[in-house]
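have a look at this prediction, sequence included:
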Amino acid sequence: MKAKFRWAALTALLASTLGFAAVPVELAIDFAAETAAEWGKTKGTELKIDSGVLTLNGTNWDSKAFKSVILTPDLRYKLTGTGRGKVVVRLHVGWSRAFARLDLSGDAFHTGSTEFTTPAGNGKYTLSIQVNSDKGEAEVKNLVFTPVAEPAPKAAPVPGEVRIDFAAEKAAGWGHTRGATFEITGGTAVIDGTDWDSKIFKTVTLQPNRQYLATGTGRGKVIVRLHPGWSKPFCQLNLSGDAFRTDSVKFTTPEGNGKYTLSIQINAPKGRGEVRELAFIPLADDPDKVELDAAKLRANRPDPEIVRGFMVGRFDDQTAKDIRRWGGNMIRLQLFPLRFAQQRKSDWESALPAFLDDVENKVKIARDNGLKVAVDLHQAPVPGVRGDYSELWTHPDLEKNFIRLWTALAERLKPYRETIWGYDLYNEPLDRNQLPNAPKEWRPLAIKLLKAIRAIDPEVWIIYEPGPGGGSFGLNNMYPLPDYRVIYSTHFYTPGEFTHQGILNIAGTDLAKAMEKINIRYPGEINGKQYDKAALDASLKTVDEFVARYPVPYYIGEFSVVRWAPEGSGEQYLRDVMELFEQRGWSWSYHAFREFQGWSLEHDGEYWMPGMPEPVPTGDSERGRIVREFLKKNR
């Protein structure tokens with residue numbers, strides 16, 4: 001006992017001196033021993049600790065209690081907690097984006113757990129307990145942070161596997177660009193970059209025309225690529241993040257001699273990236289491989305019919321009549337289940353019956369006015385998380401909530417089969433931590449959604465956006481979904497510097513400075529590259545190759561250009577892109593009809609920025625005339 005006491009005392013002394021636990025120890029927070037005075041709270045939060053339970057009553061989405069905790073940096077932990085109500089536990093560096101998250105929501109007390117790695121630093125982190133709703137109660141009994149034992153020894157290499165372990169690598173075996181400094185220390189490759197081209201590189205040998213799984217562990221601002229020589233990469237693995245994390249991506253090597261360039265690059269104009277290990281493992285059987293009969297795919301045509309119309313937010317009978325007057329024969333109906341619930345001061349599941357009533361009413365309006373409907377799930381039904389980061393794609397309720405919503409929609413809308421053009425499973429699936437790849441969780445989830453809908457409606461068309469976002473990169477080496485009635489869809493805003501000028505690049509500027517940024521012309525040189533119709537045509541190559549392999553129906557769900565693009569430029573752009581879509585026989589919907597006035601075809605070209613009076617529609621524009629010209633093809 002005496003020796004143990006002295007060791008504990010020494011550990012505590014080192015911890016207070018160094019700022020973190022010199023020897024990893026478990027941290028337990030038992031609210032039977034905590035007092036409310038030890039915790040801070042945000043405005044609008046009521047906090048009490050009674051009978052061993054921390055209770056929060058929240059009045060907004062930022063209602064939380066918080067305190068500082070000390071853990072060993074750069075160490076794997078398991079967080080276990082017991083709670084109930086609407087509660088989520090997070091760990092942050094200061095108040096930056098959380099690196100660990102544990103959802104303990106539920107009607108009854110239950111225990112949950114998650115694993116995470118602490119970021120490098122002084123070992124001081126912010127622990128927050130948050131009411132995971134716009135209003136409600138959260139209760140937590142205890143939280144325990146337990147260091148995780150070292151992982152088991154790695155399995156024997158697969159024949160043909162290439163593994164790079166920086167505990168055994170030498171810096172001399174790598175080249176680097178002028179802007180990069182590089183060292184290998186403590187089993188980690190550390191790269192400091194001073195420009196976007198800062199990288200290290202070496203040649204690796206893989207089997208050509210073979211599918212592999214790339215895995216890696218890293219942190220910082222780092223992306224791993226494989227290239228044939230220095231041409232466009234065929235594999236990209238993003239390992240960026242505050243803490244060390246492991247990720248993976250599948251890819252297929254191109255034909256050739258099997259010699260490829262491996263690069264590890266700083267994914268920012270300046271910063272540091274660290275990588276511990278990389279492995280490229282050949283796959284014997286591709287679990288995603290799907291064989292569809294091309295003749296059977298072609299046999300579906302001309303179903304679904306080619307449609308041309310508008311994306312809509314607010315939608316009523318007058319809007320439907322006006323869209324018909326314009327010549328449109330469809331709408332892409334945006335659904336926001338969380339926003340709908342918040343407007344009614346409810347959670348999304350309680351609001352679901354009213355939400356379904358609202359969707360059904362809009363579908364009826366479309367039917368009564370002769371419009372087809374693409375039902376677009378524009379917001380994930382997962383409260384309290386950002387839709388473009390890993391916390392959505394790893395959320396424990398992701399699959400349950402998506403299936404719950406889509407089965408409810410399919411049941412409610414089945415009687416309107418003749419009006420439903422397709423179910424767009426999720427708008428622009430994106431995880432910025434996995435860029436430039438689509439979220440790897442998305443395809444398996446989409447297949448589960450497809451099967452759930454098919455159990456209700458075997459014939460309705462499904463719309464699948466591969467990601468990432470609205471782009472087409474996810475179509476590279478992608479197999480179709482295992483179903484013959486799927487419409488594949490992407491969005492078209494190429495180049496974004498032109499289509500979104502005055503929207504994406506005005507943060508922190510005044511009107512005069514903003515006006516300097518909105519004179520980007522098309523055709524012309526944009527970001528050092530010449531853009532004209534031929535360049536836009538070439539940018540569709542990935543889609544063209546996919547549709548050539550699989551003769552599936554294709555849909556451009558969104559395209560647009562801001563109304564204040566230089567006179568003549570926006571008009572020419574719209575004409576060029578619609579001609580490209582028509583040449584390919586694709587369906588399309590313009591973004592958007594009577595939504596944000598920046599995209600409006602019923603306003604003039606005067607610039608607008610937040611803080612200015614809302615502009616009044618003028619009723620017509622040259623851009624609108626061009627779109628109506630193409631909508632006439634519906635007749």
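Good, I have the coordinates. Residues are numbered from 1 along each chain as shown.

use CA for all of it now, contacts and neighbours both
Will do.

could you pull up the residues touching Ser390?
431-433 (Cα atoms under 8 Å, 6 or more residues apart in numbering).

go with 6 Å
Neighbour list for Ser390: Asp431 [criterion: Cα atoms under 6 Å, 6 or more residues apart in numbering].

okay, it and Gln501: tell me how far apart.
28 Å (Cα to Cα, to the nearest Å).

same question for Met612.
Distance of Met612 to Gln501, given as Cα to Cα: 17 Å.

looking at these two, which is more packed in?
Each of Met612 and Gln501 has its neighbours counted (other Cα atoms under 10 Å); Gln501 has more, 22 against 9.

the more buried one falls within a helix, correct?
No. Looking at Gln501 with DSSP: H, G, I helix; E, B strand; the rest coil, it is coil, so not inside a helix.

that one and Gly570, how far apart?
For Gln501, the distance to Gly570 - Cα to Cα - is 11 Å.

same check on Pro458?
Distance, Pro458 to Gly570, by Cα to Cα: 42 Å.

and those two? which has more neighbours close in?
Gly570 (24 against 12).

roughly how far apart are the more buried one and Gly624?
On the measure of Cα to Cα, Gly570 and Gly624 end up 11 Å apart.

residues contacting Glu169?
Counting by Cα under 6 Å, 6+ apart, Glu169 has no contacts.

ok, it to Thr188 distance?
9 Å.

what do you get for Gly474?
Distance from Gly474 to Thr188, by Cα to Cα: 30 Å.

now the element after whichever strand or helix holds Thr217, going C-ward?
Thr217 is part of strand 211-220, with elements assigned from DSSP states H and E. Following strand 211-220 in sequence order, the next helix or strand is strand 222-227 (DSSP H and E).

all the helices of the protein, residue numbers only.
Using DSSP state H, the helices of the chain run over residues 2-18, 294-299, 317-326, 337-343, 352-368, 390-393, 398-413, 442-454, 496-499, 511-515, 533-539, 541-549, 569-584, 622-631.

buried residues in the last one, which are they?
By neighbour count, with 16 or more other Cα atoms under 10 Å as the criterion, the buried positions of helix 622-631 are 622-624, 626-628, 630-631.

from those residues, which is closest to Asp424?
Leu631 (21.8 Å; Cα to Cα).

was I right about the closest one contacting Arg325?
No. Leu631 is beyond contact range of Arg325, at 10.2 Å (criterion: Cα atoms under 6 Å).

quick one: distance of stretch 282-292 to the chain centre.
In this view, stretch 282-292 has its centroid 25 Å away from the chain centroid, taken as Cα atoms, centre = their mean, to the nearest Å.

ends of it, what's the gap?
So stretch 282-292: terminal residues 24 Å apart, Cα to Cα.

which other residues reach that stretch?
So stretch 282-292 is contacted by 211-212, 479 (Cα under 6 Å, 6+ apart).

kindly report the same for stretch 486-495.
Contact with stretch 486-495 is made by 461-465, 470-471, 553-559, as judged by Cα under 6 Å, 6+ apart.

find the residue at the geometric middle of this protein.
Closest to where the C-alpha atoms of the chain average out (Cα atoms, centre = their mean) is Leu430, at 1.8 Å.

in contact with that residue, which residues?
Contacts here follow Cα under 6 Å, 6+ apart; on that basis Leu430 touches 388, 468-469.

and Trp61, by the same measure?
Counting by Cα under 6 Å, 6+ apart, Trp61 has contacts 133-134.

run through the protein and note the low-pLDDT ranges.
Low-confidence segments of the chain (pLDDT under 70): 1-23, 150-158, 504-517.

and it, what are its domains?
24-147, 162-282, 294-634 (automatic domain parsing).

how about CSV for those, with distance to Asp288 added?
Below are these laid out as CSV (distance: least, Cα to Cα, whole Å):
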stretch, distance to Asp288
domain 24-147, 28
domain 162-282, 10
domain 294-634, 7
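
related to what we said a few turns ago, looking at the contacts of stretch 282-292, state which has the most neighbours.
Counting by other Cα under 10 Å, top hit in the contacts of stretch 282-292: Tyr212 with 23 neighbours.

so how far is Trp599 from that one?
Computed with Cα to Cα, the distance linking Tyr212 and Trp599 is 42 Å.

repeat that for Tyr416.
When distance is defined by Cα to Cα, Tyr416 is 30 Å away from Trp599.

ok, the two, which is more surrounded?
Taking other Cα under 10 Å, Tyr416 and Trp599 do not tie; Trp599 has more neighbours (21 against 15).

so what's that one closest to, chain neighbours aside?
Closest residue to Trp599 apart from its sequence neighbours, by Cα to Cα, 6 or more residues apart in numbering: Val562 at 5.1 Å.

may I have the phi/psi pair for the one you found?
Main-chain torsions, Val562, degrees, to the nearest 10: phi -60, psi 150.

how many neighbouring residues does it have?
Look at Val562: counted by other Cα under 10 Å, it has 22 neighbours.

contacting residues for it?
499, 598-599.

nearest to Lys321 among those?
Trp599 (19.8 Å).

from Gly570, how far out is that closest one?
According to Cα to Cα, Trp599 stands 11 Å off from Gly570.

swap in Val148?
Counting by Cα to Cα, the gap from Val148 to Gly570 is 57 Å.

can you check Asp397 too?
42 Å.

try Ser263
For Ser263, the distance to Gly570 - Cα to Cα - is 39 Å.

check Thr118 too.
On the measure of Cα to Cα, Thr118 and Gly570 end up 48 Å apart.

repeat that for Tyr493.
Taken as Cα to Cα, the span from Tyr493 to Gly570 is 12 Å.

against Tyr479, how distant is the closest residue to Val53 other than its chain neighbours?
Nearest non-adjacent residue to Val53, counting by Cα to Cα, 6+ apart: Lys141, 4.6 Å away. Going from Lys141 to Tyr479 by Cα to Cα gives 47 Å.

ok, Thr185 next?
When distance is defined by Cα to Cα, Thr185 is 41 Å away from Tyr479.

what does Pro551 give?
Distance, Pro551 to Tyr479, by Cα to Cα: 12 Å.

do Lys41 as well
49 Å.
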